[in-house]
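Asker: build me a model from this:
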Amino acid sequence: MAMRFSVFQVSRKGGREKNEDRMGYCYTRDAGLFALADGMGGHPEGEVASQMALQTLASLFQTEAKPALRNPARFLQDGIQAAHHALLRYATERAMVDTPRTTIVACVIQSGMAYWAHCGDSRLYLVRGRNLVVRTRDHSYTELQQALSHVVPLDARYNRSVLFTCLGSPGKPVVDIVGPVPLYARDRILVCSDGLWSVVTDATIVDVLSSRPLAEAVPDLVEQALRNGGPHGDNVTVLSLEWEELAEQEGASGISTQTLSEDVFASTIQATMADTAPIDLDEAEIERSIREINEAIQRAARKPR
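Answerer: Below you'll find the model as predicted:
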């Protein structure tokens, strides 16, 4: 089932020495994958961890989406576990004392349905109209305490902002999976790192996302986060998409996969990585890569069938 959607993404370094966030999306005629990872500070090579996580998911998606996934929820489970094991292998092969670690949030859209999974505190928001339909719950002691407050008190000695799971940790990561969730025209999905939601409220995220075009809303949210975070603020990364009706008139904005053949695979996620740390693409290079892919798709769409 072909798709039409609009997508916009921005990543900024903020007050950090380097940007350890990674984001990207890829799609075939019938399925799309939208993902974001946030390399964890306090552990080595966070940018490697986030890049490897996205590459692993994208590679598996390219292999299995022919042009649709057999089981999107299972794909997310297997893909995130594969990314976790890739990080463990990376550290073992280099005899590293500690393993690179990352959070991840990923969404698959197929047959008008959304499926998503996350590990850590990178979030997904689903906004319909001006309402927040759902957002993911962080794998942090803060969220755990809120969930279990009426069952068992959480020991106050815990640092409540600390995550209790991530990719690359010694134990098996906790992965929450949701779906299928039906999508309606103009539904918007936003995935982000904690550099956004930790300094911009959910209410503001929903208000800005629901009231402006993506090309205005996403940069505005990122700029608000950079201002609120100050000179020592975190990396801020946001990727958002709007689901559109495939039957919209010719010339409508966004990406349509209707004219794509079954073997086409498009991706903004870097396909390969050297044995050392990946190239840290600056924002201009990322935007140029996205623009080139979109222009190629538009040219293909204009060709007569």
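Asker: can you give me the strands for the stretch 51-200 of the chain?
Answerer: For the stretch 51-200 of the chain, applying DSSP state E, counting those that start in this stretch gives strands covering 102-110, 113-119, 123-128, 131-135, 176-182, 188-192.
Asker: export these to JSON lines and tack on distance to residue 215, mean neighbour count and mean pLDDT?
Answerer: Yep, even glycine has a C-beta here, placed from its N, CA and C like the rest. Listed next are those as JSON lines, based on distance: least, CB to CB, whole Å; neighbours: other CB atoms under 10 Å; pLDDT from 0 to 100:
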{"stretch": "strand 102-110", "distance to residue 215": "20", "mean neighbour count": "28", "mean pLDDT": "97"}
{"stretch": "strand 113-119", "distance to residue 215": "21", "mean neighbour count": "23", "mean pLDDT": "97"}
{"stretch": "strand 123-128", "distance to residue 215": "16", "mean neighbour count": "21", "mean pLDDT": "98"}
{"stretch": "strand 131-135", "distance to residue 215": "21", "mean neighbour count": "14", "mean pLDDT": "96"}
{"stretch": "strand 176-182", "distance to residue 215": "25", "mean neighbour count": "15", "mean pLDDT": "96"}
{"stretch": "strand 188-192", "distance to residue 215": "13", "mean neighbour count": "26", "mean pLDDT": "98"}
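Asker: nearest to residue 200, out of those strands?
Answerer: strand 188-192 (9.0 Å; CB to CB).
Asker: what's the angle between the closest one and strand 123-128?
Answerer: With axes from the mean of the first three to the mean of the last three CA atoms, to 10 degrees defining the directions, strand 188-192 sits at 160 degrees from strand 123-128.
Asker: listing partners with orientation, what would you give for strand 188-192?
Answerer: strand 123-128 (antiparallel), strand 236-243 (antiparallel) (DSSP bridges).
Asker: run through who's touching that strand.
Answerer: 23, 34-36, 105-107, 114, 116, 122-128, 205, 209-210, 214, 218, 236-243 (CB atoms under 8 Å, 6 or more residues apart in numbering).
Asker: still on that earlier bit, who wins for proximity to residue 49 among the strands of the stretch 51-200 of the chain?
Answerer: Among the strands of the stretch 51-200 of the chain, if distance is taken as CB to CB, the winner is strand 102-110, at 3.8 Å.
Asker: hmm, residue 106 is touching residue 78, no?
Answerer: No. In this structure residue 106 lies outside contact range of residue 78 using CB atoms under 8 Å: 11.7 Å.
Asker: low-scoring stretches of this structure, by residue?
Answerer: 141-161, 247-253, 270-305 (pLDDT under 70).
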